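> next one to model:
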Amino acid sequence: MSATSVVAGGLCGCLVGEIRRLPSRRWRRRWGVLRPPTNLIMRQKRESGAEFLQGNAVFLAAAAKGDSAGSGGGGGDGAEGSLTTTVEDTRIWWHHTLHTAASLYPLYVTVGGLVACINPSAFSFFVERGPASYRLALAFIMLAMGLTIELRDLFDVLMRRPLSVFFGCTAQFTIMPALGVIISKLVGLPPALSVGLILLSCCPGGTASNVVTLIAQGDVPLSVVMTVCTTLGAVICTPLLTKILAGAYVPVDAAALSTSTLQVVVIPVLLGSYVQSTFPAIVKAVVPFAPLLAVLASSLLASSVFSENVVHLIASMPSSFSRSWGLESILTSEPGLLILSVLLLHVGGFLVGYVVASICGFRERQRRAISIEVGMQNSSLGVVLATSHFSSNVVLPPALSAVIMNIMGSTLGLIWRYIRPDDGGEESLMNQNK
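Here you go, the predicted structure:
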């Protein structure tokens, strides 16, 4: 509980800090134009060319338009110019507020997990309609992600930084699956839980990693591109790796897994991107709300699945566990082994991802992005695949990960937020190709 309170308090502090940086009229009049207040995001835009980052930093696009409008009206006098800047000021404020609210996704999941523990029936309206409700929620999240992505800008980043993207995607589908197999054997998980842990480790990076990377002052454009690429690649990699690594425990229908991944992940992303390019005027009005709606849907999905299984976790605790909270009782119970294995999986992903990126000569911002991207999985996809194609116990690792992963990731992000990345002024030969 104390760790959760620290994370919640830290995220609320970030929200207050962001609100305090909202543009004031006095500051606007002093400089003659309306400038965006988010220094961190704009610094990353200058360093990494993050013009395409509309999903997790949609405020950038609105701020840039506010600059243009402010500059165009700066030479005029009278009520029209004042009204224009007032409207732009209000629009910038709303964009920034929506962006800040979306960046608190880890806090929403943490609170949802606490509510699920205290009152599991709070999410029964959503659980009773599963697994169809789970699939629709994930498809909506991916559709919102697609609405904020321009494939042209995505390909531009891929062409300019192919080594970074390739390394991050390769690390995602090698480090985590290997850790999933090793940890399940070392901890001695039952077959069903081993399959669930391996399935989780084979999932692509989740959109929460983009938010945490932003908080951690990491390379946000790299994080977003890695998430998109691993998400699109999951239609092949996730079923194939799951069949190879978990096939020894239970029969795995790789074709069915691939079809489900295609339906709830790839098609909605591509559809959103198509709508974004075909109906730009409509999408322009909707896209500021897309990240917040996506994180709320993701929080609801994670909390609902967790509430559905928290009763099973409590029921599976031995009677001695409820009377004695000793380390031996925790580690010998099935819930204790499950919690330990999920903790080790994500800690290992964060640590190994960072170390490998450091050995390969990446800069600090890129190390943080790769570490967070590798350590944070799309647990929602794991939940949907587990509920659709496996027994009930297989869903436990992804369901538990949805809460634990976000607490761990946001804690890491808060720590890195107050440690300035020291990338230096010069780049190595390897970094010049990234």
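> what separation do you get for the closest residue to residue 214 other than its chain neighbours and residue 100?
Excluding the flanking residues, the one nearest residue 214 by Cβ to Cβ, 6 or more residues apart in numbering is residue 220, at 5.2 Å. Backbone N, C-alpha and C define where each C-beta goes, glycine included. Going from residue 220 to residue 100 by Cβ to Cβ, to the nearest Å gives 15 Å.
> who's more crowded, the two?
Between residue 220 and residue 100, residue 220 has the larger neighbour count (other Cβ atoms under 10 Å), namely 27 against 20.
> that one and residue 211 touch, don't they?
No: look at residue 220 against residue 211 with Cβ atoms under 8 Å: they stay out of range, at 9.3 Å.
> how about low-confidence regions in this protein?
By pLDDT under 70, the weakly predicted segments of the chain are 1-85, 311-332, 423-434.
> show me this structure divided up by domain.
2-96, 130-433 (automatic domain parsing).
> now those domains in JSON lines, with distance to residue 109?
As requested, the domains of the chain are exported to JSON lines (distance: least, Cβ to Cβ, whole Å):
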{"stretch": "domain 2-96", "distance to residue 109": "10"}
{"stretch": "domain 130-433", "distance to residue 109": "4"}
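> tell me which of those is the most buried.
Among these, domain 130-433 has the highest mean neighbour count (mean count of other Cβ atoms under 10 Å), at a mean of 21.
> how distant is that domain from the center of its chain?
Put simply, domain 130-433 sits 7 Å off its chain's centre (Cα atoms, centre = their mean, to the nearest Å).
> tell me who's in contact with residue 345.
Shown in contact with residue 345 (Cβ atoms under 8 Å, 6 or more residues apart in numbering): 176, 179, 180, 183, 197, 200, 201, 401.
> and it, how close does it get to residue 98?
32 Å.
> also residue 372?
Distance, residue 372 to residue 98, using Cβ to Cβ: 22 Å.
> please apply the same query to residue 419.
Taken as Cβ to Cβ, the span from residue 419 to residue 98 is 28 Å.
> same question, residue 129
28 Å.
> which one of the two is surrounded by more residues?
Per other Cβ under 10 Å, whichever of residue 129 and residue 98 has more neighbours is residue 98, with 19 against 13.
> what's whichever strand or helix holds that one packed up against?
Under the criterion of DSSP states H and E, residue 98 resides in helix 79-102. Under the contact definition 3 or more Cβ pairs under 8 Å, 6 or more residues apart in numbering; DSSP states H and E, helix 79-102 sits against helix 2-20, helix 25-31, helix 59-73, helix 290-315.
> residue contacts, residue 127?
Counting by Cβ under 8 Å, 6+ apart, residue 127 makes contact with 133, 304, 305, 307, 308.
> with adjacent residues omitted, what lies nearest to the first one?
When you say that, I think you mean residue 133. Using Cβ to Cβ, 6+ apart, the closest residue to residue 133 is residue 126 (5.5 Å).
> that's a helix at that neighbour, yeah?
Yes: Residue 126: assigned to a helix according to DSSP: H, G, I helix; E, B strand; the rest coil.
> what's the burial count for it?
Neighbours of residue 126 using other Cβ under 10 Å come to 18.
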